[in-house]
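S.K.: model the structure of this input:
(one chain, ligands or ions: 2)
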Amino acid sequence: MTRFKTLGQFIIEKQAEFPFAKGELSRLLRDIGIAAKVVNREVNKAGLADILGDNGTENIQGEGQQKLDVFADKEFIEALSNGGECCMIASEEHDECIRINTQVSKNAKYIVCIDPLDGSSNIDVNVSVGTIFSIYRRKNFDNEVSQEEILQQGTEQVAAGYIVYGSSTMMVYTTGKGVNGFTLDPSIGEFCLSHPQMKIGQDPHMYSINEGNYAHFPQGVKDYIKYCQQIDEATNRPFISRYIGSMVADLHRNLLKGGIFLYPATASYPNGKLRLMYECNPLAFIVEQAGGKASNGKSRILEIQPQSMHERTPIFIGNIEMVEMVEEYLIRG
Ligand code: AHM
Ligand code: MG
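M.R.: Residues are numbered from 1 along each chain as shown. Ligands and ions are numbered 1, 2, ... in the order given. Predicted coordinates for the structure are as follows:
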């Protein structure tokens, strides 16, 4: 028997704290956990089975899809469609939202935004990848759920989480009452509570950014990078630079150790590269719940009013003092 509480046990326990809850959110989280295990199994086979490499297709943003992108997308959509708790899904891999029209789902309460496999270009070289998800409440039950219902501010998230398929596989999520992390125990096939009440590392000295784009960064970001690289014993500088190129993995490390992740506007991505609805908002919710901060350089990520499902935003996310320092440099720059 395992010493740890499983994700299923934890979800049931948490639900019991809300006697009037009907268990829909719990079932939705459970469905995501199950799909994550299936995706984990396939990711782990990368290199053996014919699942590596390009799928020969492009998503709506003109980015090449990897075979595992397509697999993960299908797996999460199937799990969410069959679970009966989700009426609409916004996925990175689809131009438009997917309405779920089954009898059990069409009146369901929740909408899910998902990046089924983030950082998938890293799979071929055996580097960690992730899944990011965000759950919103449907607001209007008068008619069929509309595409516009997805365009809610991040502050409206009911829950958000990520799965990192790394040296071990972890699911980390929040329902707005702190952040908990579960490690997959492959011997019993269960996510087990390994990181209760996660708080962002309190001795931050790590910065993560693709410095290859340096020439194209706003002056404020260039100045902040110089600040990180200066010698100053009092603030423990120079800071350590770490960049995996897989946002979930970079963010997970920074959450545990303390640090900042930056993806500013660049020449190729004038609005930043990362997507608000299924990359930035969920991770911002988690980091805030863990005691950190997430900004687009001027304002809180979670308060951006989305205009479209695939919109992008610059992001600066991590320890409060680090994010505020970048904001200051950006004002001065
Ligand atoms: P993807 O959703 O197409 O995988 O792109 C998102 C990824 C993030 O995981 C990562 O932080 C970023 O792209 C890396 O971009 P770059 O290679 O420009 O540094
Ligand atoms: Mg992505």
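
S.K.: hey, let's count contacts and neighbours off CA atoms from now on
M.R.: Will do.

S.K.: how about the residues of the stretch 51-200 of the chain by ligand 1?
M.R.: Proximity of the stretch 51-200 of the chain to ligand 1 is confined to 118-120 under the rule C-alpha under 6 Å from any ligand atom.

S.K.: let's have those in a markdown table, adding pLDDT, neighbour count and secondary structure.
M.R.: A markdown table is the format used below for these (pLDDT from 0 to 100; neighbours: other C-alpha atoms under 10 Å; DSSP: H, G, I helix; E, B strand; the rest coil):
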| residue | pLDDT | neighbour count | secondary structure |
| --- | --- | --- | --- |
| 118 | 95 | 26 | strand |
| 119 | 92 | 20 | coil |
| 120 | 86 | 22 | helix |
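
S.K.: okay, now the unreliable bits of the chain?
M.R.: For the chain, the stretches with pLDDT under 70 are 1-2, 49-56, 59-65.

S.K.: so where does the most centrally placed residue in it fall, helix or strand?
M.R.: Nearest to the mean C-alpha position of the chain, by C-alpha atoms, centre = their mean, lies residue 132 at 3.4 Å. Taking DSSP states H and E as the criterion, residue 132 maps to strand 129-137.

S.K.: after that strand, next one along is what?
M.R.: As the chain continues past strand 129-137, the following element, by DSSP H and E, is strand 159-165.

S.K.: summarise which helices and strands the very next helix or strand once past that following strand is packed against.
M.R.: Once strand 159-165 ends, the next helix or strand along the chain (criterion: DSSP H and E) is strand 169-174. Packing partners of strand 169-174 (3 or more C-alpha pairs under 8 Å, 6 or more residues apart in numbering; DSSP states H and E): strand 159-165, strand 179-185, helix 281-289.

S.K.: so what does the first one touch, helix or strand wise?
M.R.: Using 3+ C-alpha pairs under 8 Å, 6+ apart, the elements in contact with strand 159-165 are helix 24-44, strand 129-137, strand 169-174, helix 247-257, helix 281-289.

S.K.: alpha carbons of the shortest one, as PDB, please.
M.R.: What it means is strand 169-174. Only the C-alpha atoms of strand 169-174 are listed here, as PDB (Å, rounded to 0.1, in the frame of the first residue of the first chain):
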ATOM      1  CA  THR A 169       5.700  12.800 -14.200                       C
ATOM      2  CA  MET A 170       3.800  15.400 -12.000                       C
ATOM      3  CA  MET A 171       0.400  17.000 -12.000                       C
ATOM      4  CA  VAL A 172       0.200  20.300 -10.200                       C
ATOM      5  CA  TYR A 173      -3.100  22.100  -9.800                       C
ATOM      6  CA  THR A 174      -5.000  24.800  -8.000                       C
END
